[in-house]
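Participant: Have a look; sequence and predicted model below, questions after that.
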Amino acid sequence: MSNFKKRKHDSKTGETRLRLGMQHDDFRNAAHTLVDRIIDYHKTVSERQTFPNVKPGFMRSLVPDQAPEDAENWPEVFSEIEEVVMKGLTHWFSSGFFGFYATAGSYPSMLGELLTSAIGSIGFSWLSSPSSTELETVMLDWLAKALDLPKFYLHNGTGPGGGVIQGTASESTLVTLLSARDKAIRPQLSIDPNQCRHDINKRLVAYTSNVSNSSVEKAGKIAFVDLKLLESDEMGSLRGKTLLDAIKEDKKNGRIPFYVCATLGTTACCSFDNLEEIEPICEKEGIWLHIDAAYAGSALLCPEFRFIAKGLECSTSFNFNPHKGMMVNLDCSALWFKDSSHVINAMNVNPIYLRHEEMGRAIDYMHWQIPLGRRFRTIKLWFVLRMVGLDGLRNHVRRGIAEAKHLEELVKTDERYEILFPVVLGLVCFRLKPELLGNKIANDENEKLYEAIHHDRRFFITPASVGGKYLIRISTGSLNCSTAKLDEFWKVTREITDKLLTKNKFTI
């Protein structure tokens with residue numbers, strides 16, 4: 001029987017220490033059983049129901065009202081994983097998961113997470129974990145080169161640029177917004193020292209598309225910045241004229257335009273803001289241009305898809321999520337700055353306990369993010385880049401896009417449906433045709449179709465609304481996605497559609 005609470009005495013040092021939970025051999029045995037369980041889970045995950053049959057509050061009946069006073073052994077805990085964790089799990093790695101965007105992951109990445117948790121370093125400064133800082137610096141250069149980003153984003157480039165890993169794209173957007181805000185306020189204070197930062201802040205105005213991710217709007221709320229959602233065109237793209245008109249109107253009213261967030265691969269429909277039109281405007285007006293490529297950025301690994309990012313040369317910051325399309329487990333969001341001094345100016349605090357003798361010569365990533373503490377997230381990225389390789393990652397991206405093209409062709413074979421946006425990457429947006437349903441109730445009926453597929457539970461999908469049109473969006477490219485599974489999904493969708501149309505007496 002394992003000793004789960006044991007005080008040991010080291011006769012050589014006289015040190016007394018308390019080991020709680022497990023001894024070394026206990027951990028070795030438990031880890032073996034857990035790794036076996038993880039492998040079995042991934043081998044069979046697609047046999048599970050993608051979305052569980054649970055209701056809010058279900059967990060209360062599965063666990064005690066309070067934590068145990070005495071330690072429990074691993075076999076007891078292990079035996080409850082299925083009943084407690086799996087019972088209410090949405091299986092993102094299932095071949096039937098087509099919602100949101102496909103989660104990324106791989107065994108190399110999981111190995112990296114295991115090592116990261118074992119090391120336990122907190123790399124807020126170079127001193128706190130030199131390997132954490134320096135491996136991240138090199139890996140962000142590796143990534144920037146792999147994506148063919150402008151050279152000013154490299155740490156070893158000619159300018160002051162460089163990259164950092166944030167937790168999510170939401171954090172990246174907020175960090176860039178706060179950096180841009182600080183950059184905009186500083187010169188205004190020098191013009192009129194009697195002003196306070198709040199006086200200037202209320203004059204600032206930022207812009208993004210009305211199809212951009214909701215995290216951009218959320219960043220504006222957190223930063224107390226007036227963020228305007230500008231109307232996109234019929235393809236979900238923010239155009240230069242729309243932005244320029246908004247800037248002119250705001251400047252006429254005494255406002256200070258300072259930040260634009262342009263999206264490559266919007267969440268709702270995978271649309272692309274027109275960078276070639278937007279970038280010259282931002283450059284002329286001295287406006288910070290952040291590129292949110294959280295989803296689409298992984299596609300830049302493939303030369304044939306780099307056309308989606310034409311016009312990056314005048315951007316101020318760029319972000320994408322390796323944890324979406326690069327087989328790296330959450331959380332790993334790569335963010336680059338053309339000039340890192342702006343984020344450092346906005347985030348830098350320097351109490352004596354954080355100072356060290358290498359300050360000024362080494363990067364301290366605590367000044368590049370909102371929290372002080374940070375995980376050693378680079379190990380899993382390093383493992384994936386080495387054990388999968390760029391060629392393997394390109395093939396992974398290409399497979400996901402080919403799957404989307406396959407589904408697009410299936411949809412086109414049935415005249416009851418329409419594709420609403422070009423299938424450029426791994427997202428297909430479709431709906432039942434309004435003329436089939438009666439234009440006035442088309443959204444209602446398409447919502448019923450979504451709900452019927454969702455409640456069927458064999459597949460997990462998510463809807464969206466763009467330009468007043470309710471649509472169903474299918475995200476391909478997950479680790480276990482396949483054309484065979486998409487064939488099965490389409491068969492189920494057509495069967496559900498038949499029932500829905502018959503019930504409501506719609507015919508074509």
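Facilitator: Thanks, I have it.
Participant: buried sites along stretch 371-389?
Facilitator: 374-385, 388 (16 or more other CB atoms under 10 Å). C-beta here means a position set from N, CA and C on the backbone, and glycine is covered the same way.
Participant: got TSV for those residues, with distance to D364, secondary structure and pLDDT too?
Facilitator: Converted to TSV, the buried residues of stretch 371-389 look like this (distance: CB to CB, whole Å; DSSP: H, G, I helix; E, B strand; the rest coil; pLDDT from 0 to 100):
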residue	distance to D364	secondary structure	pLDDT
R374	11	coil	91
R375	16	coil	90
F376	15	coil	90
R377	16	coil	92
T378	15	helix	94
I379	19	helix	94
K380	22	helix	94
L381	20	helix	96
W382	21	helix	96
F383	25	helix	96
V384	26	helix	97
L385	24	helix	97
V388	30	coil	96
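Participant: closest to N213 among these?
Facilitator: R377 (21.1 Å; CB to CB).
Participant: wouldn't that closest one be in contact with I165 here?
Facilitator: Yes: proximity of R377 to I165 meets the contact threshold set by CB atoms under 8 Å, at 5.0 Å.
Participant: shared neighbours, the two?
Facilitator: Shared contacts of R377 and I165 (CB atoms under 8 Å, 6 or more residues apart in numbering): 136, 332.
Participant: As JSON lines, the buried residues of stretch 371-389 with distance to T483 would be great.
Facilitator: Compiled in JSON lines, these are given as follows (distance: CB to CB, whole Å):
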{"residue": "R374", "distance to T483": "40"}
{"residue": "R375", "distance to T483": "36"}
{"residue": "F376", "distance to T483": "38"}
{"residue": "R377", "distance to T483": "33"}
{"residue": "T378", "distance to T483": "34"}
{"residue": "I379", "distance to T483": "34"}
{"residue": "K380", "distance to T483": "29"}
{"residue": "L381", "distance to T483": "29"}
{"residue": "W382", "distance to T483": "32"}
{"residue": "F383", "distance to T483": "29"}
{"residue": "V384", "distance to T483": "25"}
{"residue": "L385", "distance to T483": "27"}
{"residue": "V388", "distance to T483": "22"}
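Participant: Of all pairs in those residues, which one spans the longest distance?
Facilitator: Pairwise over these, using CB to CB, the maximum falls at R374 and V388, 24.2 Å.
Participant: quick one: which of the buried residues of stretch 371-389 is nearest T137?
Facilitator: Taking CB to CB as the measure, T137 lies nearest T378 of the buried residues of stretch 371-389, at 8.9 Å.
Participant: so what's that closest one up against?
Facilitator: 132, 135-136, 139, 165.
Participant: next one: S172
Facilitator: Neighbouring residues of S172 by CB under 8 Å, 6+ apart: 166, 292, 294, 317, 319, 333, 335.
Participant: Please repeat the previous calculation with a cut-off of 6 Å.
Facilitator: 166, 319, 333, 335 (CB atoms under 6 Å, 6 or more residues apart in numbering).
Participant: A strand includes it, no?
Facilitator: No: looking at S172 with DSSP: H, G, I helix; E, B strand; the rest coil, it is helix, so not inside a strand.
Participant: Give me the pLDDT value at it.
Facilitator: pLDDT for S172: 96.
Participant: ok, now L89?
Facilitator: 90.
Participant: Not counting its neighbours along the chain, what's nearest it?
Facilitator: Excluding the flanking residues, the one nearest L89 by CB to CB, 6 or more residues apart in numbering is P52, at 6.3 Å.
Participant: So that neighbour belongs to a helix, correct?
Facilitator: No: under three-state DSSP, P52 sits outside any helix and is assigned coil.
Participant: how close does it get to G162?
Facilitator: 43 Å (CB to CB, to the nearest Å).
Participant: more crowded one of the two?
Facilitator: Using other CB atoms under 10 Å as the criterion, P52 and G162 rank with G162 on top: 26 against 15.
Participant: what's across from the more buried one in the sheet?
Facilitator: Beta-bridge partners for G162, by DSSP bridges, are F337.
Participant: surely it meets L154?
Facilitator: No: in this structure, G162 is not within contact of L154 by CB atoms under 6 Å, at 7.2 Å.
Participant: so which helix or strand takes in A206?
Facilitator: Element membership of A206, judged by DSSP states H and E, is strand 204-209.
Participant: Against which helices or strands is whichever helix or strand comes after that strand packed?
Facilitator: Next helix or strand after strand 204-209 toward the C-terminus (DSSP H and E): helix 214-222. In terms of contacts (3 or more CB pairs under 6 Å, 6 or more residues apart in numbering; DSSP states H and E), helix 214-222 is packed against helix 169-191.
Participant: Show me how the record splits this structure into domains.
Facilitator: 5-91, 114-387, 390-503 (automatic domain parsing).
Participant: hey, where'd the strands end up in the stretch 401-508 of the chain?
Facilitator: With strands called from DSSP state E, counting those that start in this stretch, the stretch 401-508 of the chain shows them at 417-419, 427-432, 462-466, 469-475.
Participant: of these, which approaches E231 most closely?
Facilitator: strand 462-466 (11.6 Å).
Participant: quick one: strands adjacent to the closest one?
Facilitator: For strand 462-466, using DSSP bridges, the partner strands are strand 469-475 (antiparallel).
Participant: close enough to count as contact, T263 and D273?
Facilitator: Yes: using CB under 6 Å, T263 is in contact with D273, at 5.3 Å.
Participant: Low-confidence stretches in the stretch 51-200 of the chain?
Facilitator: Applying pLDDT under 70 to the stretch 51-200 of the chain flags residues 157-159.
Participant: Tell me where it has strands.
Facilitator: Taking DSSP E, counting those that start in this stretch as the criterion, the stretch 51-200 of the chain carries its strands at 162-166.
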